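Novice: What follows is a protein structure lacking sequence information:
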């Protein structure tokens, strides 16, 4: 028998209100709550991983979810996106630590940031076409991480 959420008195199984205090009772459906990622396909998840800069957030969500625990394609794309984001962070924050920081940040740093952004967009397009691209260094790390997780 359930109890009232307001006063704690015992109420009937199908009671809409407590007979003691009159508080409306929540209805128990008997079914478990749905996973938020139930309607997300593997293709959509892969596309979301490669949104430039902000794709790291869905990547981490997909890596942590039960829904994509055994989907190697989504996990590979998520790991590759996370490693690409780490590379972007290193490039974008390396300027102050380099001796010629002004020259690095204005020249080479900007060029590398642009190249990484173009790479993200290329990977996003390939993921939308349901193709998997294996980048040279980042892809190797992602493949290793995916195989270790299974």
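Specialist: Yep, it's here. Worth saying up front: this structure is predicted, and the values here are computed from it rather than measured. Residues are numbered from 1 along each chain as shown.
Novice: so where's the chain uncertain?
Specialist: 1, 28-35, 94-109, 149-150 (pLDDT under 70).
Novice: domain assignment for this protein?
Specialist: Per automatic domain parsing, the domain ranges recorded for the chain read 1-31, 42-149.
Novice: need the ones you listed in JSON lines with mean neighbour count, can you?
Specialist: For glycine as for every other residue, the C-beta is placed from the backbone atoms N, C-alpha and C. Shown next, in JSON lines, are those (neighbours: other CB atoms under 10 Å):
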{"stretch": "domain 1-31", "mean neighbour count": "12"}
{"stretch": "domain 42-149", "mean neighbour count": "17"}
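Novice: ok, then the element right after the helix or strand hosting residue 62?
Specialist: Here residue 62 is covered by helix 56-64, with elements defined by DSSP states H and E. Per DSSP H and E, the first helix or strand lying C-terminal to helix 56-64 is helix 72-93.
Novice: by contact count, what packs against that following helix?
Specialist: The helices and strands touching helix 72-93, judged by 3 or more CB pairs under 8 Å, 6 or more residues apart in numbering; DSSP states H and E, are helix 42-49, helix 56-64, helix 109-128, helix 136-149.
Novice: The last one - contacts with which helices or strands?
Specialist: If I follow you right, that is helix 136-149. Using 3+ CB pairs under 8 Å, 6+ apart, helix 136-149 sits against helix 72-93.
Novice: I'd like the distance from the helix it packs on to the chain centre, please.
Specialist: For helix 72-93, the distance from its own C-alpha centre to the chain's C-alpha centre is 11 Å (CA atoms, centre = their mean, to the nearest Å).
Novice: Other residues contacting that helix?
Specialist: 42, 45-46, 49-50, 53, 55-56, 58-60, 62-63, 68, 109, 112-113, 116-117, 119-120, 123, 127, 132, 135, 138-139, 141-143, 145-146, 149-150 (CB atoms under 8 Å, 6 or more residues apart in numbering).
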